[in-house]
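**Q** Mind folding the following:
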Amino acid sequence: MICVFEIKSSEAPDFKRLIHISPESTFEDLHRVIQNAVNFDHSQLASFFLADENWRKQIEISLLDSGKNNSGLMSMRKIELNEYLTQIGQKLIYVFDFFNDRFFYLELKEKLMKTDLKEPFVAYEKGSAPAQFLINDYDS
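**A** Numbering: from 1, shown residues only. Purely as a prediction, here's the structure:
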């Protein structure tokens, strides 16, 4: 099976990406394909939030890993997509800039009954992604 995620941004209305990924992939795998799809710096902190139908954040799945099983922090490295994403229409918020509360909207659009996916990829691209970092102009 292949999960198809649609990625959008409120900052760039013409921006859209479709990602094909296996449901056995981890949230870290999805993070990496998003980072590559928008040419972001991979060293920056990011998190996924499972969201309700009104895009309200519910459960955080973080790039951070405390190394402790009982810390309450859910790590992208350890959690497969199919553990939380089972229904078409499920929503995620991918926060890539915590300081400025900037994020992408992700929605599970469909599940394809194919099994030959070796690694995740971008199946469709439209528009330019917003910049990863906001640049402030200060007059000296």
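**Q** what's residue 41 in contact with, if anything?
**A** By Cβ atoms under 8 Å, 6 or more residues apart in numbering, residue 41 lies in contact with residue 132. Placement of C-beta: from N, CA and C, glycine included.
**Q** Bridged to the spatially most central residue of the chain, which residues?
**A** The centre of the chain sits closest to residue 94, judged by Cα atoms, centre = their mean, with a distance of 4.4 Å. Per DSSP bridges, the residues bridged to residue 94 are residue 48, residue 104.
**Q** Next, the contact list for it, please.
**A** Taking Cβ under 8 Å, 6+ apart as the test, what residue 94 contacts is 7, 31, 34, 46-49, 103-106.
**Q** could the residues you listed go into CSV alongside pLDDT and neighbour count?
**A** Formatted as CSV, these follow (pLDDT from 0 to 100; neighbours: other Cβ atoms under 10 Å):
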residue, pLDDT, neighbour count
7, 98, 24
31, 96, 21
34, 97, 24
46, 94, 22
47, 96, 21
48, 97, 29
49, 97, 19
103, 97, 23
104, 98, 26
105, 98, 15
106, 98, 23
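**Q** who's the residue nearest to residue 24 when sequence neighbours are not counted bridged to?
**A** Distance criterion Cβ to Cβ, 6 or more residues apart in numbering; nearest residue to residue 24, sequence neighbours excluded, is residue 80 at 5.5 Å. Taking DSSP bridges as the rule, residue 80 bridges to residue 26.
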